[in-house]
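Novice: give the three-dimensional model of this entry:
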Amino acid sequence: MADNPANNGAPGGMPALNALAQYCKDFSFENPNAPRSLQQQSEGPQINLQVNVNAKQLAEADFEVDLTLEGNAKAGNDVLFAFELTYSGVFRVQNIPQEQLHPVVMIECPRLLFPFARQIVADAVRNGGFPPLYIDPIDFVALYRQRAAEMQAQQGGQTLS
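Specialist: Coordinates of the predicted model:
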């Protein structure tokens with residue numbers, strides 16, 4: 001045991017994914033029709049949500065990953081509330097094969113960020129006078145596959161010269 005100390009440097013080529021930092025990069029919450037929007041609604045609101053993941057390489061093994069959640073709640077044509085959150089993290093990825101690097105960054109990193117972003121949205125909605133909005137878990141594997149299929153379809157429509 002003493003011959004093989006564990007450290008954050010991913011000894012022996014062991015794959016490693018470390019969150020170096022997490023932060024709220026951009027956040028907006030709007031309650032445009034308050035206090036009228038706070039009155040009891042006869043029906044539940046219609047919730048709309050969009051999710052986006054972006055990443056950029058900062059150093060050889062470091063990536064900044066942005067998880068963007070945009071959403072709103074409407075009752076009929078009236079907007080009850082709207083929000084936009086970009087919650088980001090800096091991750092160090094070591095000893096991951098090159099062909100697996102992109103999926104790890106675009107799936108596992110936002111998966112680690114999501115619970116924190118979800119809580120920020122829930123707290124903001126509650127602080128806006130509504131019951132907290134707890135966003136259902138997101139299948140980042142399905143989101144990744146969907147985006148990959150969209151990119152493939154776009155590239156398939158282009159001609160190479």
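
Novice: starting at the chain centroid, how far to the helix or strand of the chain with the lowest mean pLDDT?
Specialist: Lowest mean confidence among the helices and strands of the chain (mean pLDDT, DSSP states H and E): helix 140-156, at a mean of 88. When distances are taken as Cα atoms, centre = their mean, to the nearest Å, helix 140-156 is centred 17 Å away from the chain's centroid.

Novice: and it, what's buried?
Specialist: Of all the residues in helix 140-156, those buried under the rule 16 or more other Cβ atoms under 10 Å are 140, 143, 144. C-beta coordinates here come from the backbone N, C-alpha and C atoms, glycine included.

Novice: what sits closest to the first one if chain neighbours are left out?
Specialist: Spelled out, it's residue 140. With sequence-adjacent residues excluded and distances taken as Cβ to Cβ, 6 or more residues apart in numbering, residue 140 is closest to residue 107, at 4.6 Å.

Novice: per-residue pLDDT of the one you found, please?
Specialist: Per-residue confidence at residue 107 stands at 96 (pLDDT).

Novice: can you list the weak-confidence ranges in this structure?
Specialist: Where the chain drops to pLDDT under 70, the residues are 1-12, 40-42, 156-161.
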